[in-house]
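Asks: Okay, predicted coordinates and the sequence, questions at the end:
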Amino acid sequence: MADTDTLRALDLRRIFTAPPGRSEAIGLEVEVGLIDLETRRNATYPQALALLDGLVRADAAIPVLDGAYTVGAAVPGGGTFTLETGGALEYSSAALPTVAAAVADVRENLLDAAAVGARHGLALITGGIVPFAAAQDIAWNPKPRVRVMRDYFRELGPDGGHADEVMGLILSAQTTLDYVGDGDLMEKLRLLVRAAPVVAALFVNSPVAAGAETGVLSRRMQYWRRFDPRRCGVLSVALDAGAGVDDLVDWAARLPMIYRLVGGSHVAAPAIPFRRAMREGFGDGSYPTEADWELHLSQVWPHVRVRRTLETRLSDAPPWPWFGAGAALWAGLVYDPGARAAAGELLGGLTADELDLAAVDVAVKGLRATVGPYLVRDLARGLLRLARQGLSARIAAGLERPETLAQLDPLDEVCETARTFADRTLHTWQRGPEAFVRTFRVPTG
């Protein structure tokens, strides 16, 4: 049995192995709310489908199907639009060599989508959350996995208490980063895990939910606290002394899958750890495959998720046009060895418990929060300075475009004035819903 287990562990490990000769590319994923301009409610599936069909006709995109349903559109150049479970629209760029290229790609495609959406009475709204709707207003799309996931989270009781809001209302702007080997993976992951709450304080931007002010700066971050905590939060295993890829495998393999793909449709998976399913099967005569393992890894949502890339997930999305600010910050910190080492030293003493408490505090206080013995604002200043140095070094080496440095400007302003994106959102909200849509929608021309 030990030999078999070892073999299976090696199979699970494969997904974390960087391909030979991999370069350090950048990917951007930006979620926007789809809002009916007349009702200010989330777009229904037929409305979203009309937008996707319009993209297919206008941009020679290829429909993406989930069973019988259209749920996205793959555009020329490698990017993909995806309809999220509650009606939001996500655009994911291809892996591109520079932040500047990823930002340009996302900007071009979201502007195209905004123009198509306007012809169907829809606005694309940026930020950390769709502020108008409550959970009962979510227009769920017909993906088969939506019902499976909602049933799963309902069975968790309080630990799944905000699942509908997370699945149907929140928005983000995520960055994907590459690693080139096991040691590089763990070094970058440790930095990203420790930096995540500090960086999130620069981006807090969901102070309004269900049509009302919440009294906090990031309601989105609070929602994540009750979305199966076993799968979310600080990836503490990455901070353990001597932790490596096998520890990441073990952490994920101890969790059950939520859903599987069977006969072309997503169905509920048995509530047993993935590792146990490898030994005993799923109960229907089948055993996990590599495709099951990859699907399972998409069903965990820590602050930093590891699959074939490193995905940053904690921060709210900033307003248009600064959706690329996070990518610029992370690339500057992570891809320049000098900046990465200095940032690791700056944050090196922070523990998993301190980081977890900091995420709670940041949701309420933003830059006024603390992490361990430090004021978050002080650490944010240090990280911004190092990110700018790292980007400058990449520009000097011909690895990045000079205009990328401007992506950090709004973060410098947030840090120096302590006026967050959330503060600006509240100010706009108080002028009325029309002002909010006008200010935060992706422009149409």
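Replies: Thanks, I have the structure now.
Asks: tell me what the helix or strand harbouring Arg381 is packed against?
Replies: Arg381 is part of helix 376-396 when elements are defined by DSSP states H and E. Other helices and strands packing on helix 376-396, by 3 or more C-beta pairs under 8 Å, 6 or more residues apart in numbering; DSSP states H and E, are helix 182-203, helix 325-334, helix 337-347, helix 352-365, helix 409-417. To be clear about C-beta, it is placed using only N, CA and C from the backbone, and glycine gets the same treatment.
Asks: Determine which stretch of the ones you listed is the most buried.
Replies: helix 325-334 (a mean of 28; mean count of other C-beta atoms under 10 Å).
Asks: what does it contact?
Replies: Helix 325-334 is touched from outside by 26, 28, 99, 102-103, 173-175, 177, 188, 191-192, 195, 199, 202-203, 310, 312, 315, 318, 339-340, 343, 383-384, 386-391, 394, 400, 404-405, 407-408, 410-411, with contacts defined as C-beta atoms under 8 Å, 6 or more residues apart in numbering.
Asks: and if you look at stretch 112-125?
Replies: When contacts are taken as C-beta under 8 Å, 6+ apart, the neighbours of stretch 112-125 outside the stretch itself are 32-38, 43, 47, 50-51, 54-55, 58-59, 81, 89, 91, 110, 171, 437, 440-445.
Asks: which among the residues you listed end up buried?
Replies: Neighbour counting with 16 or more other C-beta atoms under 10 Å marks 32-36, 43, 47, 50-51, 54-55, 59, 81, 89, 91, 110, 171, 437, 440-442 as buried within the contacts of stretch 112-125.
Asks: So which of those residues belong to helices?
Replies: Gln47, Ala50, Leu51, Gly54, Leu55, Asp59, Leu110, Val437, Phe440 (DSSP state H).
Asks: In contact with the first one, which residues?
Replies: Under the criterion of C-beta under 8 Å, 6+ apart, the contact list for Gln47 reads Leu34, Asp36, His120, Gly121, Leu122.
Asks: May I have the beta-bridge partners of the nearest residue to Gly87 once chain neighbours are set aside?
Replies: In space, not counting the residues next to it along the chain, Gly87 is nearest to Asn42; the distance is 4.3 Å by C-beta to C-beta, 6 or more residues apart in numbering. As for beta bridges, Asn42 partners with Ile35 under DSSP bridges.
Asks: still on that earlier bit, dump the C-alpha coordinates for the helix holding Arg381 into PDB.
Replies: These are the backbone C-alpha positions of helix 376-396, laid out as PDB (Å, rounded to 0.1, in the frame of the first residue of the first chain):
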ATOM      1  CA  VAL A 376      -0.800  47.700   7.700                       C
ATOM      2  CA  ARG A 377      -0.400  51.100   6.200                       C
ATOM      3  CA  ASP A 378       3.400  51.100   7.100                       C
ATOM      4  CA  LEU A 379       3.900  47.700   5.500                       C
ATOM      5  CA  ALA A 380       1.800  48.700   2.400                       C
ATOM      6  CA  ARG A 381       4.200  51.700   1.900                       C
ATOM      7  CA  GLY A 382       7.100  49.400   2.000                       C
ATOM      8  CA  LEU A 383       5.600  46.900  -0.400                       C
ATOM      9  CA  LEU A 384       4.700  49.700  -2.900                       C
ATOM     10  CA  ARG A 385       8.200  51.100  -2.800                       C
ATOM     11  CA  LEU A 386       9.600  47.700  -3.500                       C
ATOM     12  CA  ALA A 387       7.100  47.000  -6.200                       C
ATOM     13  CA  ARG A 388       8.100  50.200  -8.000                       C
ATOM     14  CA  GLN A 389      11.800  49.300  -7.600                       C
ATOM     15  CA  GLY A 390      11.100  45.800  -9.000                       C
ATOM     16  CA  LEU A 391       9.100  47.100 -12.000                       C
ATOM     17  CA  SER A 392      11.800  49.700 -12.700                       C
ATOM     18  CA  ALA A 393      14.400  46.900 -12.800                       C
ATOM     19  CA  ARG A 394      12.200  44.900 -15.200                       C
ATOM     20  CA  ILE A 395      11.800  47.900 -17.400                       C
ATOM     21  CA  ALA A 396      15.500  48.500 -17.400                       C
END
